[in-house]
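1. here you go, sequence then predicted model.
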Amino acid sequence: MQQLMEKIIQSALDRGASFADLRMTDGTATSIAVEDGRADKVANSRSRGAGLRVLVDGAWGFAPTNQPDEKELLRCAADAVEMARAAASHVTDPGMVAQMEPVQAEIGSSARIVPSQVPLADRLASVVELEKAARSEHPSRIANTVATYADGSGEMFLANSFGTFLHFASIGTSIGVLVVSTDGTIRQRVSERRSNRSGFELVEELDLEQMGKTAASKAVDLLSAERPPAGIFDVIIDPKICGLLVHEAFGHNSEADAVWSGNSILAGKLGEQVAAEQVTIVDDPTLPGHNGSYTYDHEGVPAQRHVIVENGVLKGYLHSLETAARFGVAPNGSARAQGHQSQPLIRMSNTAIAPGTSNLQQMMSEMDSGLFLTGGYWGYVFTAQGQFTCNVEHAYAIKNGQLDTHYRNVCISGRTLETLQKVTAVGDEVHYELGGTCGKSGQSMPVDAGGPHVRISDVVVGGQSSQ
Amino acid sequence: MSELLDIAQTAVKAAVAAGAEFADAYAVSGRSVDVGVENTSLRDSEVIRDYGVGVRAFYRGGMGIGTSQSLDHGDVTECGQTAAEMAKVAHPDPDFVALPDPAQAPHVEGMFDDAIAGLEVGRVVDWCRQAIEEAQAIDPQVRLEGGAALSVGSSALASSTGVALERSGTSVSMTYQAVVLRDDQVGAYFEYDAARQMSDFVPAGVARIATEQALRYLGGRSVGTKRLPLVLGPFAASSLLSAIIGSASAESIQRNRSFLVGKQGEKIASELLTITECPLVPAGLSSGGYDGEGVPKQQRDLIRNGVLTTYLYNSYTANKAGVANTGHASRGGYGGSVGVTVSNLQVATGDRTEAELISDIDEGLYIAFGGLQPDGASGDISATVDFGFKIEQGQLAYPVATTMVGSDAFEMLTRIEAVSSDYRYEPGIIAPSLLISDVQVASGD
């Protein structure tokens, strides 16, 4: 394998590339869906191929194939160089790469139970158990339950023109449940999901019955919740929403490709106060046991912990080989690609606000009024303007330091830097609860995010009822 | 018979030989060329050849799926066998009746253009270079990001009931986001064009419009928390209406997880709203003569004078409900799964232009783009106005920031007071603006 890959890299160099890297992948995935008591869909997919990237006269060229034999790979080398050359004469901001010492390593998976070695019937039985638990809790008020499971395993080889050759083995597993409740008039939905770069032990170590019951109870509770208010509120966010906020609102702005291209509000702000002093933000792919963890990125750079913000001051960005060269810094191992059909992009890993000194009880006791926001599925950001949106699963009014009225799901919005400057308290206990995938430029990558409870003033809440 | 159809039929035969009672397979092969612009410079250029096959197999109604990115005979056969094995693991489903029988599907003209298939990458590079020049002519400091792409693809659908269909298509597109800076203010906007025929594609002007619009979005302000009339521009209106139509999926209805349960034949919107699905428009962006299971598609009203006329059925949900299949099965690629989708949507237009609708509003909110899609279960809407303007005295007064809308699908639909006479047109698609009265807005003071 190494010999073949080096031959293809050399072919690209011979054709005029100043840098080339080649990733070859081979993997299988299994998924199971159990809905309303029946496992009605079981799927198995096989994916394999290679993607060759070259840098020619400041332009990037990329050519992937699903048929990674020598003849096809040599054609990819010709295509990639030709494509880059076609664009090169019009490049005014030439691409570049930071120089790296070559590395050679075997990177194993940390999975203890390889999912494909667990009989499919046993994997299916776990999904059935989860769905049944959700469906059986408050059955008269449950409209629909869907439990889904997926595992994937594969290997990837990476070679580049520095002489790097890496062999990755990877395994990922996820399981979750969606519950829709109804009282005959309205419907509410709640989902719970766990994803990790681990094996089937993820499922075996979960209390599936409790997971299903919790999701069902939350969905049923929302039926009696009121429509959320609209306006500006002081809020406390839980670790899940903290994860959404730090990932969507801030993290995407710290990706150096966005910074370089003028699409980040953090451009030119290194060393400046960009958040309240209590706020420290860390992106750490070296944390063991999280969905965004890895050892080397997909450009062959060792993973490392990144302190992006320290005590409110912007300390650095997440870099690829290209942006590290542009900014004149060392690469910090943040580029990953979804598969062989995609080029590496700068991605977050496990991102969180670091622990502070407060706690939920103390934060609440200091508030006469406000909202406690908990749970959430998704968010997005327009990085250029620094305006974010985060989903909230449910909310409670805070009155005189106590939880009061329960509200249905809602979204919050704000400008990232203004919002982070208005952090007034940070809890002392960090939880990562957002193991899932992040989308960027059409690619999905496993990530995790979290943080402690955090109190923020003046957040826009997009509810339906006037106060 | 083409090689691709032969591959699909090989997969089906393998699934049936392995015990599947029904099977279908979808084989896809395509090539795309994509030229990217970043930081107002050409950045990269890629050529992607992608192909694969997805097989669905059914055993006592349980569904198994196999997919492969290899089209080698042995791998395709194994993929069919895997699908059958998966189907035997799935639970029996008494609601499954059969896959559709073959039927004569209408031919849609203009879906393939030799001019696109034969385009040199240099031409795509030229479009991008011209886009940069256009944008810089408006604002020399603009940051432009995006690019242009073309794709050429073929697909083949085969089933154990005898469906054997093939088609080819081309597309070309260009998308840009422009970012402009003035002191501490940031303005950004985007624009695109897409077509299946070169004669429908107009790359000139895309980057210019994005830049001109970005300049208008400098200096976003809050509008306060109050109830206001909304004017949804074509993007915002079509994303709201498309999401609501998507919630009419019969699968979601039968599973009791959609806010449109029990609404077929009911009035769900202002009588001013009529939405027609037009799948047979020549060279339409989402046109096609048959759906993802080979069922012929036809033009039909989905909402007529505010009444939801039909749910969206595929073969499984139609058989389960005992109704005619509406041909809404989707198949996005070779992934194997079949979902539900609609093709080109055309919204019936009204009597007055968008500008005339705005001119009557003393205080309101214009939403060019925002996440207005309702929650699929509750129908609730809680959305940020990503790009919008405050309306004052009949004019777009200033861009808004950190401004949200709280509503629900039925409130938005029933409060439609006007549909504009002018509209955004993409091949096959008509997207006018909507005037909606009295909606909750949340924003800073």
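-> Cool, got the structure.
2. count of neighbours near the nearest residue to residue B:440 once chain neighbours are set aside?
-> The shortest distance from residue B:440 to any non-neighbouring residue, by CB to CB, 6 or more residues apart in numbering or on different chains, is to residue B:406 (4.5 Å). Heads up, the C-betas are built off the backbone N, CA and C, glycines and all. When neighbours are defined as other CB atoms under 10 Å in any protein chain shown, residue B:406 has 27 of them.
3. residue B:406 belongs to a strand?
-> Yes - counting by DSSP: H, G, I helix; E, B strand; the rest coil, residue B:406 is part of a strand.
4. who does it form a beta bridge with?
-> With DSSP bridges as the criterion, the beta-bridge partners of residue B:406 are residue B:382, residue B:440.
5. what do you get for the one 10 residues further on?
-> According to DSSP bridges, the partner residues bridging residue B:416 are residue B:436.
6. can you give me the pLDDT of the residue nearest to residue B:440?
-> Per-residue pLDDT puts residue B:406 at 97.
7. which helix or which strand is home to residue A:449?
-> Residue A:449 is part of strand A:443-451 when elements are defined by DSSP states H and E.
8. so which residues make contact with that strand?
-> For strand A:443-451, the surrounding residues in contact (CB atoms under 8 Å, 6 or more residues apart in numbering or on different chains) are A:172, A:195, A:197, A:239-240, A:242-247, A:251, A:290-293, A:336-338, A:342, A:345, A:347-354, A:430-438.
9. could you tell me which of those residues count as buried?
-> A:172, A:195, A:197, A:239-240, A:242-247, A:251, A:290-293, A:336-338, A:342, A:345, A:347-354, A:430-436, A:438 (16 or more other CB atoms under 10 Å in any protein chain shown).
10. looking at the residues you listed, which are in strands?
-> Among the buried ones among the contacts of strand A:443-451, the ones falling in strands (DSSP state E) are A:172, A:195, A:336, A:345, A:350-353, A:431-432, A:436, A:438.
11. so which of those residues reach chain B?
-> Checked against chain B using CB under 8 Å from any CB of the partner chain, those give no members in range.
12. and the furthest pair within those residues?
-> A:345 and A:431 (27.3 Å; CB to CB).
13. residue B:230: neighbour count?
-> Counted with other CB under 10 Å, the neighbours of residue B:230 add up to 28.
14. again but with residue A:424, I slipped
-> 16.
15. just after the helix or strand harbouring residue B:15, pick out the following helix or strand.
-> When elements are assigned from DSSP H and E, residue B:15 belongs to helix B:3-17. Downstream of helix B:3-17, the first helix or strand assigned by DSSP H and E is strand B:22-38.
16. at contact distance from chain A, anything in that next one?
-> Yes - applying CB under 8 Å from any CB, one finds strand B:22-38 touching chain A at B:33, B:35, B:38.
17. so that strand versus helix B:3-17, what angle?
-> Orientation of strand B:22-38 against helix B:3-17 (axes from the mean of the first three to the mean of the last three CA atoms, to 10 degrees) gives an angle of 140 degrees.
18. paired strands for strand B:22-38, with orientation please.
-> With DSSP bridges as the test, strand B:22-38 pairs up with strand B:41-59 (antiparallel), strand B:143-159 (antiparallel).
19. for that strand, the averaged confidence score.
-> pLDDT averaged over strand B:22-38 gives 97.
20. run a quick neighbour tally on the closest residue to residue A:327 other than its chain neighbours.
-> Take residue A:327 and drop its neighbours on the chain: the residue closest to it by CB to CB, 6+ apart is residue A:256, 6.3 Å away. Neighbour count of residue A:256, defined by other CB under 10 Å: 25.
21. torsion angles phi and psi at residue A:307?
-> Taking degrees, to the nearest 10, you get phi -90, psi 110 for the backbone angles of residue A:307.
22. er, residue B:141 actually
-> phi -100, psi 10.
23. which one of the residues of strand B:22-38 next to chain A is nearest chain A?
-> Set against chain A, the nearest of the residues of strand B:22-38 next to chain A by CB to the nearest CB is residue B:38 (4.9 Å).
24. contact partners for the closest one?
-> A:93, A:257, A:260-261, B:44, B:145.
25. and what of residue B:444?
-> Contacts for residue B:444 (CB under 8 Å, 6+ apart) come out as A:232, A:458, A:460, B:222, B:224, B:402.
26. got it, and residue B:193?
-> B:173-174, B:201-203, B:206.
27. picking that back up, in terms of contact, does the residue nearest to residue B:440 touch residue B:381 like I think?
-> Yes - with contact defined as CB atoms under 8 Å, residue B:406 reaches residue B:381; the gap is 6.9 Å.
28. shared neighbours, those two?
-> Contacts common to residue B:406 and residue B:381, judged by CB under 8 Å, 6+ apart, are residue A:464.
29. rounded mean pLDDT for stretch A:221-240, please.
-> 97.
30. for that stretch, buried residues please.
-> Buried residues in stretch A:221-240, counted by 16+ other CB under 10 Å: A:221-223, A:225, A:227-240.
31. measure it end to end?
-> By CA to CA, to the nearest Å, the extent of stretch A:221-240 from end to end equals 19 Å.
32. helices of chain B, start to end?
-> B:3-17, B:73-89, B:114-117, B:121-138, B:206-216, B:234-246, B:250-254, B:315-321, B:354-359, B:409-414 (DSSP state H).
33. okay, the angle between the longest one and strand B:41-59?
-> Spelled out, it's helix B:121-138. If you take the same axes, to 10 degrees, helix B:121-138 sits at 120 degrees to strand B:41-59.
34. helix B:121-138 near chain A anywhere?
-> Yes - contact of helix B:121-138 with chain A (CB under 8 Å from any CB) involves B:121-122, B:125, B:128-129, B:132.
35. the first one too?
-> No - against chain A, helix B:3-17 shows no contacts by CB under 8 Å from any CB, the least distance being 12.5 Å.
36. what about that helix, average pLDDT?
-> pLDDT averaged over helix B:3-17 gives 98.
37. with the longest one instead?
-> Taken as a whole, helix B:121-138 has an average pLDDT of 96.
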